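Participant: Turn this into a model:
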Amino acid sequence: MSEGEYTSESDYAVVYAGGPVASEMLKTILENAGFEAYLKDVTTGPILPAGNGNAGNGIKVVIPENEVEKARPIFEKFITEEQDGDESNG
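Facilitator: Okay, the predicted model is just below:
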């Protein structure tokens, strides 16, 4: 398996979908915490229009299904902080 790719979607869960910078940041945070994390839809996520059936639109961060609960506090904190930042900038 090469870096940034995974073999079976059924073994992985999407924990975040967003822009390229935020997705890469969360991937790095998860990796630094010891989790296996990959980016999905790197080439299509940023260019697909909303409502095209691409649930969550954007670049997705995926981790193994069996690590979701252990990683949940990390990605939930990231998402909360990102949303708080968006509200203060809007």
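
Participant: now stretch 15-30: how far from the chain's centre is it?
Facilitator: Between the centre of stretch 15-30 and the centre of its chain there are 5 Å (CA atoms, centre = their mean, to the nearest Å).

Participant: now the strands for the chain?
Facilitator: 12-18, 38-40, 59-64 (DSSP state E).

Participant: Deepest-packed of these, please.
Facilitator: strand 59-64 (a mean of 23; mean count of other CB atoms under 10 Å). From N, CA and C alone the C-beta is placed, and that goes for glycine too.

Participant: ok, how many other residues are close to the residue nearest to G18 when sequence neighbours are not counted?
Facilitator: Leaving out its chain neighbours, the residue that sits closest to G18 by CB to CB, 6 or more residues apart in numbering is G58, at 4.7 Å. Using other CB atoms under 10 Å, G58 has 20 neighbouring residues.

Participant: which residues does the most centrally placed residue in the chain bridge with?
Facilitator: Closest to where the C-alpha atoms of the chain average out (CA atoms, centre = their mean) is V61, at 2.2 Å. Using DSSP bridges, the bridge partners assigned to V61 are Y16, L39.

Participant: Could I get the buried residue list for the helix or strand of the chain with the lowest mean pLDDT?
Facilitator: Every helix and strand of the chain was ranked by mean pLDDT, DSSP states H and E. The lowest is helix 68-89, at a mean of 88. Within helix 68-89, the residues that count as buried by 16 or more other CB atoms under 10 Å are V68, A71, I74, F75, F78, E82.

Participant: now it and strand 12-18, what's the angle there?
Facilitator: Relative orientation of helix 68-89 versus strand 12-18 (axes from the mean of the first three to the mean of the last three CA atoms, to 10 degrees): 10 degrees.
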